[in-house]
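[1] What would the 3D arrangement of this be:
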Amino acid sequence: MNITVRKAIADDAEDFTRIGFESWKSAYKNIITPEELAKKTSPEKYAERVQKTTEGILSGEYNYCIALDSDGDISCGFCMFGESRDEDMSGYAEVFAIYALEEYWDKGVGGKLMEYTLSELKRLGHTKALLWVFEQNARARRFYEKHGFVCDNAIKDYPEFARAKGIRYAKKVL
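    Numbering: from 1, shown residues only. Down below sits the predicted model:
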């Protein structure tokens, strides 16, 4: 397995969506209800997400990158980052998403995506980054902690999810 990461192009929007939906189904099946998961990954949402991702990539408002398994020329993960949306975290960049297909978990895809993201943030002049993760997502929290993110105990509710809360992590970009 040879994983490479590159900046995404509009033609990657469908792969972004596929990876995101499949990852959600795997990672969040015990965090959000089956009904909530079905609603978030419905065929209607799929088409909407492809369109929004295409528009996002073309606008350049956020940074999108994609991980490829060059052994099979398969898109297997993605990340998205940009300026922080948190009003109390001015001057921070935000990692909005890092996802990999379940069959690529524990194979270094997430690490390559995080390395790429942090390198790009540094190149763009950012010195601090934050991210939000479901509080109940122990696997993701361990991953972020492994990459130097520290929980700052800020919590937020997600109105669309009955039992999931977000918890914020932050770090200096070195």
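[2] does F96 count as helix, strand or coil?
    strand (DSSP: H, G, I helix; E, B strand; the rest coil).
[3] what does G166 give?
    Assignment for G166 (three-state DSSP): strand.
[4] Dig out what it forms beta bridges with.
    F134, K156 (DSSP bridges).
[5] Quick one: residues contacting it.
    132-135, 155-158 (C-beta atoms under 8 Å, 6 or more residues apart in numbering). For the C-beta atoms, the positions are set from N, CA and C on the backbone; glycine is no exception.
[6] any chance you could map the helices in this protein?
    13-27, 34-40, 43-59, 109-123, 138-146 (DSSP state H).
[7] now for the first one, which elements pack on it?
    Judged by 3 or more C-beta pairs under 8 Å, 6 or more residues apart in numbering; DSSP states H and E, helix 13-27 is in contact with helix 34-40, helix 43-59, strand 63-69, strand 74-83, strand 93-100.
[8] could you give the angle of the second one to strand 74-83?
    Looking back up the chat, that one is helix 43-59. 60 degrees (axes from the mean of the first three to the mean of the last three C-alpha atoms, to 10 degrees).
[9] For the remainder of this discussion, apply numbering that starts at 37.
    Fine by me, first position is 37 from now on; the one you just mentioned is helix 79-95.
[10] so how far is helix 79-95 off the chain centroid?
    Centre-to-centre, helix 79-95 and its host chain are 15 Å apart (C-alpha atoms, centre = their mean, to the nearest Å).
[11] Pull out the buried residues from it.
    85-86, 89-90, 92-93 (16 or more other C-beta atoms under 10 Å).
[12] Nearest to R204, out of those residues: which one, please.
    Nearest to R204 among the buried residues of helix 79-95 is G92, at 22.2 Å by C-beta to C-beta.
[13] circling back: for A206, which of the helices of the chain is the nearest?
    The nearest among these, by C-beta to C-beta, is helix 174-182 at 9.9 Å.
[14] How far off centre is the closest one?
    Counting by C-alpha atoms, centre = their mean, helix 174-182 comes out at 13 Å from the chain centroid.
[15] Run through this structure and note the low-pLDDT ranges.
    108 (pLDDT under 70).
[16] Let me see the backbone angles for T77.
    Per-residue torsions, T77: phi -120, psi 30 (degrees, to the nearest 10).
[17] same thing with M125?
    According to degrees, to the nearest 10, M125 has phi -120, psi 50.
[18] so how many other residues sit close to it?
    Other residues lying near M125 total 18 when counted by other C-beta atoms under 10 Å.
[19] wait, what's in contact with the spatially most central residue of the chain?
    The centroid of the chain falls nearest to A133 when counting by C-alpha atoms, centre = their mean (1.4 Å). Residues near A133 by C-beta under 8 Å, 6+ apart: 56, 114-116.
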